[in-house]
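Asks: got a sequence here, can you model it:
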Amino acid sequence: MSETTVTPVRSPLATPPEEAPGHGLLAGRKVVITAAAGTGIGFAAARRALLEGADVLISDWHERRLGETQEKLAAEFDGQTVAQATCNVQDSAEVDTLITTAADELGRIDVLINNAGLGGETPVVDMTDEEWDRVLDITLNGTFRATRAALRYFRAVEHGGVIINNASVLGWRAQRGQAHYAAAKAGVMALTRCSAVEAADFGVRINAIAPSIARHPFLAKVTSDELLDELASREAYGRAAEVWEVAATIAMLASDYTTYLTGEVVSISSQRA
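Replies: So this is what the prediction gives:
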């Protein structure tokens, strides 16, 4: 019997679409985004919030990149507020200051997007305590610190708000070399669920996104092309997400289209596990 070669069918969705225009989903909202400098999901989330009519405050620990990002967004969205504040999410005092600064700069806070996170690729057998602690501290503890600071703000005001956390499908899946990152993102998922129950007391919704792979220049610096190609090939479309596609889902969760959704983790992938 001769062997039959199966040729994969190329999906019509393998070619990314053009970025969707804004529809005013966040008109008048004041949005804070951590780790928003550069080329990744944080920057895309800030740009999408502006496209949807919001004013934003972007934050990052890297002062030069943050300034360049602020200038770029301000030039594109003339007439909307694009404020900036440096913040290291590993420092509770800096995170608390970020929230008070944002409230002062923007006049109020309606949405916090917790995007700060750190990955890596090290097998458990070779992983140092320092590697484990750094990934967990930035990715999980940083999300906790910002969520805590924001909830303290929302508890003291009357208008409520939304918090959106950036998790990952690795909070569900297993992948070699990613134990620290996967553990941190699974923690973000659990933090999202538990804090959402408490946040309802203050009129706050908390949800998370779990992207599989969104390709951008910074990711390419820390991950091999071979691995990125392999991960993208596993998706139903045979490609990675565009960062704007992830940001569009964040905007939906921040909008009034999801007012009865809280404590959920939305998978941005063709396969949850």
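Asks: so which bits of the longest strand along the chain are buried?
Replies: When the chain is parsed with DSSP state E, its longest strand is strand 204-211. Using 16 or more other Cβ atoms under 10 Å as the test for burial, strand 204-211 gives V204, R205, I206, N207, A208, I209, A210, P211. Using the backbone N, CA and C atoms, a C-beta is placed for each residue, glycine as well.
Asks: now stretch 142-158
Replies: G142, T143, F144, R145, A146, T147, A149, A150, L151, Y153, F154.
Asks: just checking, which of those belong to helices?
Replies: Of the positions in the buried residues of stretch 142-158, G142, T143, F144, R145, A146, T147, A149, A150, L151, Y153, F154 sit in helices, assigned by DSSP state H.
Asks: surely the third one and L191 touch.
Replies: Yes. A contact is recorded between F144 and L191 when judged using Cβ atoms under 8 Å, the distance being 6.0 Å.
Asks: next, the angle strand 204-211 makes with whatever helix or strand A186 lives in.
Replies: Using DSSP states H and E, A186 falls within helix 179-199. If you take axes from the mean of the first three to the mean of the last three Cα atoms, to 10 degrees, helix 179-199 sits at 160 degrees to strand 204-211.
Asks: quick check: mean pLDDT of helix 179-199?
Replies: The pLDDT scores in helix 179-199 average 98.
Asks: how many neighbours does the residue lying closest to N141 once chain neighbours are set aside have?
Replies: Of all residues beyond its chain neighbours, the one nearest N141 is Q90 (7.3 Å), with distances taken as Cβ to Cβ, 6 or more residues apart in numbering. By the criterion of other Cβ atoms under 10 Å, Q90 has 16 neighbours.
Asks: again with the one 10 residues further on
Replies: Other residues within reach of T100 by the criterion other Cβ under 10 Å amount to 14.
Asks: the helix or strand hosting W132 vs helix 179-199, what angle?
Replies: Secondary structure assignment for W132, by DSSP H and E: helix 129-136. Interaxial angle of helix 129-136 relative to helix 179-199 (the same axes, to 10 degrees): 40 degrees.
Asks: run through the protein and note the low-pLDDT ranges.
Replies: 1-9, 215-224, 227-228, 230, 232, 271-273 (pLDDT under 70).
Asks: what are the ranges of the helices in it?
Replies: Under DSSP H, the chain gives helices at 41-51, 63-76, 92-106, 129-136, 142-156, 179-199, 217-222, 225-233, 243-254.
Asks: so which residues make contact with the fourth one?
Replies: Judged by Cβ atoms under 8 Å, 6 or more residues apart in numbering, the contacts made with helix 129-136 from elsewhere in the structure are L118, G119, G120, T122, H180, Y181, A183, A184, G187.
Asks: CA atoms only for that helix, dumped as PDB, please.
Replies: Taking Å, rounded to 0.1, in the frame of the first residue of the first chain, the C-alpha atoms of helix 129-136 are listed here in PDB:
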ATOM      1  CA  ASP A 129      16.100  30.900  42.500                       C
ATOM      2  CA  GLU A 130      16.800  34.300  41.100                       C
ATOM      3  CA  GLU A 131      15.300  33.400  37.700                       C
ATOM      4  CA  TRP A 132      12.200  31.900  39.300                       C
ATOM      5  CA  ASP A 133      11.800  34.800  41.700                       C
ATOM      6  CA  ARG A 134      12.200  37.600  39.100                       C
ATOM      7  CA  VAL A 135       9.600  36.100  36.700                       C
ATOM      8  CA  LEU A 136       7.100  35.500  39.500                       C
END
